[in-house]
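*Asks:* Let me see the structure of the following:
(one chain, ligands or ions: 1)
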Amino acid sequence: MLCVRAPGRVNLIGEHTDYNDGYVLPVAISLETRVYAQPRTDALCHIYSETLDEQHVLNLADLPPEQLPDGFIRYVAGVAAMLQQHAGRTLTGVDATICSGLPLGAGLSSSAALEAAFAVLWDALDDLRLERLTLAQLCQQAEHRYAGVHCGLMDQAASLLGQAGRALFLDTRTHAMQHVPLPPDWAIVVADTGKPRALAESDYNLRRAQCEQAVVALQGVLGESVVALRDVSPEQGALYLPLVEEPARRRARHVVGENARVLAFLTALRHADTAQVRALMLASHASLRDDYEVSCAELDAMVEACLQAGAIGARMTGAGFGGACVALVERAHLERFLTDAERRYRARAAYEPRFYACDAAAGASLCPMET
Ligand code: GLA
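*Replies:* Predicted coordinates:
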């Protein structure tokens, strides 16, 4: 029997930048998914989700076609298909049970954690010896092809490459990365609004398409050197974005500003500069709300509640359209913060919130089995 754990993630800053070749700064968190697996001698997989109480059968020698309907099995099938394509052979069948300690649909990348867990499982079982970055890219492909979400690399990279106590700075174009220590007296709080994400997939793909429209329009003035919004500086943005049609103009303005904010945030984090961290998180949230239009009343209410309860900074995290906020909080004030933020949110929103004080966790790994 093997056991694999794979963490969810929150993103400190750098939202909707990863499919624009930009920068992200996620943290793998101590909420995780576990998979317990017994290898089989054939290519069948019996996969049971304890969380959903659902069982599925997959045949690795005859995987279903791409674009499976909603449901956890599409992520497992997708990872198996991408690993098999990469390795050029059929993987080992497993009887597996999934236990998720991650709230589903809260924007904490439960799907990426599931993909990462199965990627690490088969990497070990079939002795594939793939680099973590390669596993992350294959998981991302699985999400594109099997779930139809044209996501960037952030979630899978965080779940596979995170380090305890550190955030992951990733340049999604060059794949350069740095593991940045978090100030030890800051806690990461995930504040789930309780509002499920609605229409997330189609809206997400639409935002991506609007960014691509902006790139085409900017190429008209700046030339082919603009391959992605990453190539547009804030100064160029101020000059040339007014030439781009709405709503692509506002979408691009968010991405250009957000990339600059990630770089500024890195410096602020290194100096534990609370004022700057707060200003950057607030600017990120406002830009996601007003220009990118992926926030909602509950996310705005939660950010407000967290700030009034004394957070260093707070913003929506993940794709948006519902889900969770991330707040950074002085550990010394954590208990008071949690009570106060919950009370303030409940006074403003009808959904049932949940707060999780998280540590920055290590990326997915095999875990020793309890006997
Ligand atoms: C989702 C995607 C990521 C990223 C975020 C927004 O979590 O899976 O790739 O684009 O949204 O930053």
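
*Asks:* Next secondary structure after the lowest-mean-pLDDT helix or strand in the chain?
*Replies:* Least confident helix or strand, the chain: helix 200-222 with a mean of 93, by mean pLDDT, DSSP states H and E. Toward the C-terminal end, the helix or strand that comes next after helix 200-222 (DSSP states H and E) is helix 234-240.

*Asks:* now for whichever helix or strand comes after that following helix, which elements pack on it?
*Replies:* Scanning forward in sequence from helix 234-240 by DSSP H and E, the next helix or strand is helix 248-270. Using 3 or more Cβ pairs under 8 Å, 6 or more residues apart in numbering; DSSP states H and E, the elements in contact with helix 248-270 are strand 23-24, strand 166-171, strand 177-181, helix 200-222, helix 234-240, helix 274-290. Where you see a C-beta, it was placed from the backbone N, CA and C, and this is true even at glycine.

*Asks:* Is any residue of the last one near the ligand?
*Replies:* What it means is helix 274-290. No - Helix 274-290 is not in contact with the ligand by Cβ under 6 Å from any ligand atom; minimum separation 9.0 Å.

*Asks:* which is the next helix or strand following that helix?
*Replies:* Scanning forward in sequence from helix 274-290 by DSSP H and E, the next helix or strand is helix 297-308.

*Asks:* Can you confirm whether that following helix lies near the ligand?
*Replies:* No - using Cβ under 6 Å from any ligand atom, helix 297-308 stays clear of the ligand, coming no nearer than 13.1 Å.

*Asks:* so that helix versus helix 274-290, what angle?
*Replies:* Counting by axes from the mean of the first three to the mean of the last three Cα atoms, to 10 degrees, helix 297-308 lies at 170 degrees to helix 274-290.

*Asks:* mind listing what the residue positioned nearest the centre of the chain touches?
*Replies:* In the chain, the C-alpha nearest the mean C-alpha coordinate belongs to D155, at 3.5 Å (Cα atoms, centre = their mean). Taking Cβ atoms under 8 Å, 6 or more residues apart in numbering as the criterion, D155 is in contact with R9, P26, S109, S111, A112.

*Asks:* Which members of these are the farthest-apart pair?
*Replies:* Spatially, the most separated pair among those is P26 and S111, at 14.5 Å (Cβ to Cβ).

*Asks:* higher neighbour count, the two?
*Replies:* Between P26 and S111, P26 has the larger neighbour count (other Cβ atoms under 10 Å), namely 30 against 26.

*Asks:* wouldn't that one be in contact with L160 here?
*Replies:* No - in this structure P26 lies outside contact range of L160 using Cβ atoms under 8 Å: 11.3 Å.

*Asks:* what's the helix or strand for the residue nearest to the centre of the chain?
*Replies:* helix 154-161.

*Asks:* how far off strand 166-171 does that helix point, in degrees?
*Replies:* Interaxial angle of helix 154-161 relative to strand 166-171 (the same axes, to 10 degrees): 130 degrees.

*Asks:* can you tell me which of the contacts of D155 are in helices?
*Replies:* S111, A112 (DSSP state H).

*Asks:* what about the residue of the stretch 1-150 of the chain found nearest the ligand, neighbour count?
*Replies:* Residue nearest to the ligand within the stretch 1-150 of the chain: E15 (4.0 Å; Cβ to the nearest ligand atom). By other Cβ under 10 Å, 29 other residues sit near E15.

*Asks:* swap in A347?
*Replies:* Neighbours of A347 (other Cβ under 10 Å): 9.

*Asks:* Please, where are all the strands along the stretch 51-200 of the chain?
*Replies:* Along the stretch 51-200 of the chain, counting by DSSP state E, counting those that start in this stretch, strands occupy 54-59, 94-100, 166-171, 177-181, 186-192.

*Asks:* Let me have the ones you listed in JSON lines, extended by mean neighbour count.
*Replies:* Converted to JSON lines, the strands of the stretch 51-200 of the chain look like this (neighbours: other Cβ atoms under 10 Å):
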{"stretch": "strand 54-59", "mean neighbour count": "14"}
{"stretch": "strand 94-100", "mean neighbour count": "20"}
{"stretch": "strand 166-171", "mean neighbour count": "22"}
{"stretch": "strand 177-181", "mean neighbour count": "14"}
{"stretch": "strand 186-192", "mean neighbour count": "23"}
